[in-house]
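Participant: generate a structure from the sequence data that follows.
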Amino acid sequence: SWRRLKLLSMEALDGDAGDGMELEEHAPIQSASEKALLAQGDGLGDTYALGIPSAKASPADLSWVVRDQNRLTRLDKLRVLFNNPRYSDVTLRPTQFSAQDGEPPRFYGCKNILAVWSPTFESLFYTNDQVGFFDGAELDVEASPETVEMFLRFIHEGEVVVKLDGLWPLYCFLNTYQVVDLVDRVEDIMDKAVSVDTCCHLLASAQQLGSYDHYALRKCLNMLLMDFTEVGSTAGFTLLDFDILAAVISSDELNAAEEFIFEACMEWLQADEARVELYLDGLLQHIRFPLCDSKFVASLDAHPIAARSPKLQDMMLSALKFAVNPRMKVSANPQFRQRKGGLYWKVTKNNMCMDLSGDGFRTYLLNTSCDLIAKWKLKVELYQEGSVVVGIAEEGADVSQYVGRYSNGWGLGDNGHWYNGGCKCPPSVRHLCTPLCQGHIRISSGQVLFFSVNCDTGDFTVTSGTKSFTQRIQNLPKDTRVFPAVSVRSAKVRIFAADADTMD
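Facilitator: Take a look at the predicted model:
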């Protein structure tokens, strides 16, 4: 029968199996009880174990398997080679190293180990004739010292700790040197690491290599555009490169209030005094001051950072002229162009307004006048017995009344009634309108409505699916601006640019 014995002395073996290894003898197992005994083991630990065959086994059938136990002896031996000059036949010199920091550190490696992990290293060290392109003792490696050390530590020790700012440089190294066994794992980690709190750190780590062409980094950039208010409040925001920040705040897709964009840029400049002289004017030219509240603009000449720019006064003057002169024509200056994601109600400071009380209508005006946004869309959700009125209103409209209740507003109700904008019904039924008319577009919960307004002609159009309603507003004022407006009672309304995605 089979027995497993604890060998306390190497003298019991013909050869030295080495510490931490198990010897298992291969021989025919005669019965189920013998199999169970072998599977049970000796329970005496991880040192040497020897299978002794029964007398029925032929000597020609005897064989042994020597394998690692829990200590993984072969990896213990491989660890000895990590950055060990005694056994090295090549020195790796990282090239991504600042000269101000002195001489870059060298790392000692073994050609054979590097070659089996990387086809790029293999082509450098070996060819079919066993003579590679590299015949020196020192090899330049396109990576930072930290990245080279992480790679060498992994292939010698089996694991490595990678911090957030080291993910992208390590991925680039593995991709450059075609380390296919590891690159996908690092890429997966990097993709899962993207969040509001981490996206700026990942972009900052990528700026040293000058490339952002990767799905995870593109996701970071999109997060900056779509969640700028949240991302701009994180500690990593001040780590961004100027080129990235300038590209983001100049984009029409940016989703944030213009006042917050300005304050975030000032925080970025304040993080490094040297940035003020280099980048202040460059950032201010991307701030769309006409989209800001006029009181906010008027206070900027006392701002501790922005006031240091000689161009600020001209930008302020242009924005204030636009605020006080409704007949001023919008120029082609990008500062007058509404951002697709920058629409928000003045009171809520975001693109959503709602009422849950059901006591009465609450009216909300958009931050941007119809001079700057001629088209937009609304997504309407009605709660139990909810109601909405959508349209346009002057800035001084009574927000405690629905849009169109008075002559400074024009609105279409969810019941299809048009308020205060003149009646489109034929004379025979006009007596039914007091002062509204019926038969226009009705608004139901979950509906998406498209709006357009022409301030010159007074044409106001609402479209839902294949249905469209146009009202020519005869008394549209020429001496004051009008704004997109909604009135809600037990309802919720979100506003978006006409060509933007309708997000939940």
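
Participant: was I right about residue 205 contacting residue 170?
Facilitator: No: counting by CB atoms under 8 Å, residue 205 stays clear of residue 170, with 9.8 Å between them. Using the backbone N, CA and C atoms, a C-beta is placed for each residue, glycine as well.

Participant: more crowded one of those two?
Facilitator: The residue with more neighbours, out of residue 205 and residue 170, is residue 170; 27 against 21, by other CB atoms under 10 Å.

Participant: any idea which element residue 378 lies in?
Facilitator: Here residue 378 sits within strand 375-394, counting by DSSP states H and E.

Participant: give the rounded mean pLDDT of that strand.
Facilitator: On average, the pLDDT along strand 375-394 is 92.

Participant: also stretch 494-504?
Facilitator: In the prediction, stretch 494-504 has an average pLDDT of 77.

Participant: how about it: buried residues?
Facilitator: The neighbour-count check on stretch 494-504 (16 or more other CB atoms under 10 Å) flags 494, 495, 496, 497, 500 as buried.

Participant: test my guess that the first one contacts residue 354.
Facilitator: No: here residue 494 lies out of contact with residue 354, judged by CB under 8 Å, at a distance of 9.2 Å.

Participant: what pLDDT does the residue nearest the centre of the chain get?
Facilitator: With distances taken as CA atoms, centre = their mean, residue 220 lies nearest the centre of the chain, 2.8 Å away. Predicted confidence (pLDDT) at residue 220: the value is 93.

Participant: next up, phi/psi of it, please.
Facilitator: phi -60, psi -40 (degrees, to the nearest 10).

Participant: helices and strands of the protein: which one has the lowest mean pLDDT?
Facilitator: Using mean pLDDT, DSSP states H and E, strand 3-6 stands out as the lowest-scoring helix or strand of the chain, at a mean of 37.

Participant: could you list the low-confidence segments of the stretch 51-200 of the chain?
Facilitator: 51-57, 68-72, 99, 101, 128-136 (pLDDT under 70).

Participant: coming back round to it: quick one: name whatever helix or strand follows the strand holding residue 378.
Facilitator: Downstream of strand 375-394, the first helix or strand assigned by DSSP H and E is strand 409-413.

Participant: that next one pairs with which strands, parallel or anti?
Facilitator: strand 375-394 (antiparallel), strand 418-419 (antiparallel) (DSSP bridges).

Participant: list the buried residues of the longest one.
Facilitator: By neighbour count on 16+ other CB under 10 Å, the buried set for strand 375-394 is 376-383, 386-394.

Participant: also stretch 90-101?
Facilitator: Going by neighbour count (16+ other CB under 10 Å), the buried part of stretch 90-101 is 90, 92, 93, 94, 96, 97.

Participant: please name the bridge partners of the fourth one.
Facilitator: Per DSSP bridges, the residues bridged to residue 94 are residue 141.

Participant: doesn't residue 138 make contact with it?
Facilitator: No: if you go by CB under 8 Å, residue 94 and residue 138 don't touch, sitting 11.5 Å apart.

Participant: residues touching the closest residue to residue 284 other than its chain neighbours, list them.
Facilitator: If the residues on either side of it in the chain are set aside, residue 284 comes closest to residue 309, at 5.6 Å by CB to CB, 6 or more residues apart in numbering. Contacts for residue 309 (CB atoms under 8 Å, 6 or more residues apart in numbering) come out as 280, 281, 284.

Participant: closest to residue 313 among these?
Facilitator: Closest approach to residue 313 among these (CB to CB): residue 284, at 11.1 Å.

Participant: for the closest one, phi and psi?
Facilitator: Dihedral angles (degrees, to the nearest 10) for residue 284: phi -60, psi -30.

Participant: ok, it - contacts?
Facilitator: 265, 306, 309, 311, 312, 315.

Participant: which two in those are spaced the farthest apart?
Facilitator: 265 and 311 (14.1 Å).

Participant: mind checking which of those two has more residues around it?
Facilitator: residue 265 (23 against 12).

Participant: which SS class is the residue nearest to residue 347 when sequence neighbours are not counted?
Facilitator: Leaving aside its sequence neighbours, residue 347 sits nearest to residue 364 (CB to CB, 6+ apart; 5.8 Å). Under the three-state scheme (DSSP: H, G, I helix; E, B strand; the rest coil), residue 364 adopts strand.

Participant: what comes up buried for stretch 452-469?
Facilitator: Under the neighbour-count criterion of 16+ other CB under 10 Å, stretch 452-469 has 452, 453, 455, 458, 460, 462, 463, 464, 469 buried.

Participant: please read the previous query as pertaining to stretch 271-288.
Facilitator: 275, 276, 279, 280, 282, 283, 284, 286, 287, 288.

Participant: how far does it sit from the chain's center?
Facilitator: Averaging C-alpha positions (CA atoms, centre = their mean, to the nearest Å) puts stretch 271-288 24 Å from its chain's average.
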